[in-house]
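Q: pasting a predicted model and its sequence here:
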Amino acid sequence: MRKSQTKIILSWDDYQESYLKIHRDKICVAVSIPRPIRHLFGNAPVRIKVAGTTEADFKRKRRSLTHEIYQEFDKRQADHTYCAERMSAVFENEMKNFEISDWELDKVLQRMISLFAKAVIPQKSNYNYFELSDEQKYPDSKGVEFVRPLTDSLPHADLSELRSNMDTMANWIKGHQKRATDDEIEAVRNYLQPDVRSYFEDLIVSAAKSQNITPPTFSQPTKEDFWLSPNITEFHPRPRKNSQPTMSSVKVEYFEWIEKYYDKNDTKNKLRLAYEEFQKYMGDLPLAKIDGPMVVSFAQAQLENHPRRSKVVIKNRNWAMNIFCRDFCIPQRHMLISPFFGAKLTKYGAKGSKWLEYTDQDLDKIFSYDWAEQELLLLKLALATGMRLDEIALLTWERIKQTNRFYFVSLHDEGDEKVSVKNEGSARFVPLHPALQLPSRGEGRLFNYKIDGDGKASMSAGRAVNPILKKLIGDKRKSFHSFRSTFIIKLTQVGTPENINKQITGHGTGDTNTDVYGGISVDDRFEWVRKIKLFWLNQKAH
């Protein structure tokens, strides 16, 4: 088997001699950075080390400091090569058994540019085909350059020449396999496929249209133009995109994308709902026609159809449409920018009414009521923990942990059991108030409220208690959620520091995978919770 192509590493024999350089009134040992590795140092032309204040210091330390600089050159190259190998492995893993889509097809073209840059990139092009990798997505890739995604904003002449050069190189490799590496053969085989050809030609046509150039025509491909598997007797090129994509034409693909990249049903629903509403109110628009003014028009259309819609909902719809444009449409080259990014919509929507807390007199009325045993426990847990309705309604015995002093609830993933919380910051450990008496320990869920299709039980639990709470208290700004406000206020009244208050109630940035976050253990939290006077927890079911 032929060895894969390896990167050429410069050695000490390739490094230049050191020389004296004065920098900020200091005598330094300097070595010019070889041009092939200069990009690893931010394109700095020289590397220096301070020797001292006299020429004698330079002579004395020249050898050792020169060696230090040479070692830095070696290390930067080694780190760069390691990162490149890691990213190559990521790429190869992503390409295995890939489903044909625009994203993967673009990766095929990027791979050709990466391997054959000098041969395929147009000689007179002013476009920079490379960019530094995304360190957040690939933490080990610092300093590694990647090929930019090809878009129809590239000059049409560049794309046409690029395609011609790629065809020439690919056909040469196909006919001279013994002179090519395994990496080159794999890249060329992926490139010489009907879907890639159609995709590349679509890109060139799209660039011509966007740049007011007469779109070129392409000859009908034959089987000999490709590198098909020997057992393939027929080939079916990817359908040509004859019209601009619209909201409706990408709906199925977008919804599949949502399913692939998002786990929480609540988030999926928000993304789908925003898409459906935008298409309903704004029409089946070509994606390229969606612009800034339509962002405001969409907010106005929502209020025309839902006059009492809150600012929060308007904001959520804008967030979801920004995800659609930024993360789905732009990588597919349907759009160049997201008009929803950074949109100022503060004047649109009704100001949300804050849920008021229950007063002690309210709590007297609530816990004097003849509740069924299950509903009474639900309310006591809300008062004693400040947990959200769905967090309590889905609670299992396995999530109730015990120390030698107290019980606490784990709102973290437990093995195969995934927790349902509002956001990452809501994953936390919640100590239970010592006055709260739990029933005999069992298995599975504490409550039998029906779980809906989104994996939530808040609707059925809310139906069991909210109508009665509304009747008892008679204030539309008070409901089950008011227990959360009550608990937060009572924590504040006993002097609980704000950061601990937020960690107990899930308004902070979340816990780690242990019982300590920022030095605040569950024991520390319990000491604050136990200070609250909650006489109502002693109430018994009638």
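A: Okay, I see it.
Q: following the chain onward from the helix or strand of the chain with the lowest mean pLDDT, which element is next?
A: The helix or strand of the chain with the poorest confidence is strand 516-517; it has a mean of 40 (mean pLDDT, DSSP states H and E). Proceeding N to C from strand 516-517, the next assigned helix or strand is strand 520-521, under DSSP states H and E.
Q: and the next helix or strand past that following strand?
A: helix 522-529.
Q: using PDB, write down the CA coordinates of that next one.
A: What follows is helix 522-529, C-alpha atoms only, in PDB (Å, rounded to 0.1, in the frame of the first residue of the first chain):
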ATOM      1  CA  VAL A 522     -25.000  21.100  48.300                       C
ATOM      2  CA  ASP A 523     -24.300  21.300  52.100                       C
ATOM      3  CA  ASP A 524     -23.700  25.000  51.800                       C
ATOM      4  CA  ARG A 525     -26.900  25.500  49.900                       C
ATOM      5  CA  PHE A 526     -28.800  23.400  52.500                       C
ATOM      6  CA  GLU A 527     -27.700  25.600  55.300                       C
ATOM      7  CA  TRP A 528     -29.400  28.500  53.600                       C
ATOM      8  CA  VAL A 529     -32.600  26.600  52.700                       C
END
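Q: pull out the buried residues from that helix.
A: Residues 522, 524, 525, 526, 528, 529 are the ones in helix 522-529 that count as buried (16 or more other C-beta atoms under 10 Å). Any C-beta I mention is one placed from the backbone N, CA and C, and that applies to glycine too.
Q: quick one: distance of that helix to the chain centre.
A: The chain centroid and the centroid of helix 522-529 are separated by 34 Å under C-alpha atoms, centre = their mean, to the nearest Å.
Q: could I get the full set of strands for the protein?
A: For the chain, the strands defined by DSSP state E occupy 19-23, 26-32, 46-52, 130-132, 145-147, 400-402, 407-410, 429-431, 516-517, 520-521.
Q: can you put those strands in a markdown table and add mean neighbour count?
A: Formatted as a markdown table, those follow (neighbours: other C-beta atoms under 10 Å):
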| stretch | mean neighbour count |
| --- | --- |
| strand 19-23 | 13 |
| strand 26-32 | 20 |
| strand 46-52 | 18 |
| strand 130-132 | 12 |
| strand 145-147 | 18 |
| strand 400-402 | 14 |
| strand 407-410 | 20 |
| strand 429-431 | 24 |
| strand 516-517 | 17 |
| strand 520-521 | 17 |
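Q: mind putting those into CSV with distance to residue 362?
A: As requested, the strands of the chain are exported to CSV (distance: least, C-beta to C-beta, whole Å):
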stretch, distance to residue 362
strand 19-23, 72
strand 26-32, 73
strand 46-52, 71
strand 130-132, 58
strand 145-147, 60
strand 400-402, 28
strand 407-410, 25
strand 429-431, 23
strand 516-517, 32
strand 520-521, 30
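Q: residue 343 is nearest to which of those?
A: Among those, the nearest to residue 343 by C-beta to C-beta is strand 130-132 (26.5 Å).
Q: which helices and strands does the closest one pack with?
A: Here strand 130-132 touches strand 145-147, going by 3 or more C-beta pairs under 8 Å, 6 or more residues apart in numbering; DSSP states H and E.
Q: domain ranges for this protein?
A: Split into domains by automatic domain parsing, the chain comes to 12-95, 102-129+149-217, 251-329, 360-538.
Q: what is the mean pLDDT for the second one?
A: Along domain 102-129+149-217, the predicted confidence averages to a pLDDT of 87.
Q: the shortest one now?
A: For domain 251-329, mean pLDDT is 90.
Q: endpoint to endpoint, that domain covers what distance?
A: 11 Å (C-alpha to C-alpha, to the nearest Å).
Q: how far does that domain sit from the chain's center?
A: 18 Å.
Q: kindly report the same for the longest one.
A: Centroid separation between domain 360-538 and its chain, computed with C-alpha atoms, centre = their mean, is 30 Å.
Q: which ones are touching the residue located most distally from the centre of the chain?
A: Centroid-distance maximum for the chain: residue 56 at 55.6 Å, with C-alpha atoms, centre = their mean. Contacts of residue 56 were listed using C-beta atoms under 8 Å, 6 or more residues apart in numbering, and none were found.
Q: tally of neighbours for residue 209?
A: 15 (other C-beta atoms under 10 Å).
Q: what do you get for residue 79?
A: Counted with other C-beta under 10 Å, residues neighbouring residue 79 total 15.
Q: return the residues in contact with residue 500.
A: Applying C-beta under 8 Å, 6+ apart, we find residue 500 in contact with 520, 524, 525, 528.
Q: I'd guessed residue 396 sits against residue 445; true?
A: Yes - applying C-beta atoms under 8 Å, one finds residue 396 in contact with residue 445, separated by 5.2 Å.
Q: so how far is residue 294 from the closest residue in space to residue 285 that isn't next to it in sequence?
A: Residue nearest to residue 285 in three dimensions, not counting chain neighbours: residue 247, with 5.8 Å by C-beta to C-beta, 6 or more residues apart in numbering. Noted for residue 247: a distance of 11 Å to residue 294, by C-beta to C-beta, to the nearest Å.
Q: overlap in contacts, those two.
A: Residues within reach of residue 247 and of residue 294 at once, by C-beta under 8 Å, 6+ apart, are residue 285.
Q: residues contacting residue 171?
A: Contact analysis of residue 171 by C-beta under 8 Å, 6+ apart lists residue 192.
Q: what's the answer for residue 460, then?
A: Listed by C-beta under 8 Å, 6+ apart, the contact set of residue 460 reads 393, 449, 450, 451, 452.
Q: could I get the pLDDT score of it?
A: Predicted confidence (pLDDT) for residue 460: 90.
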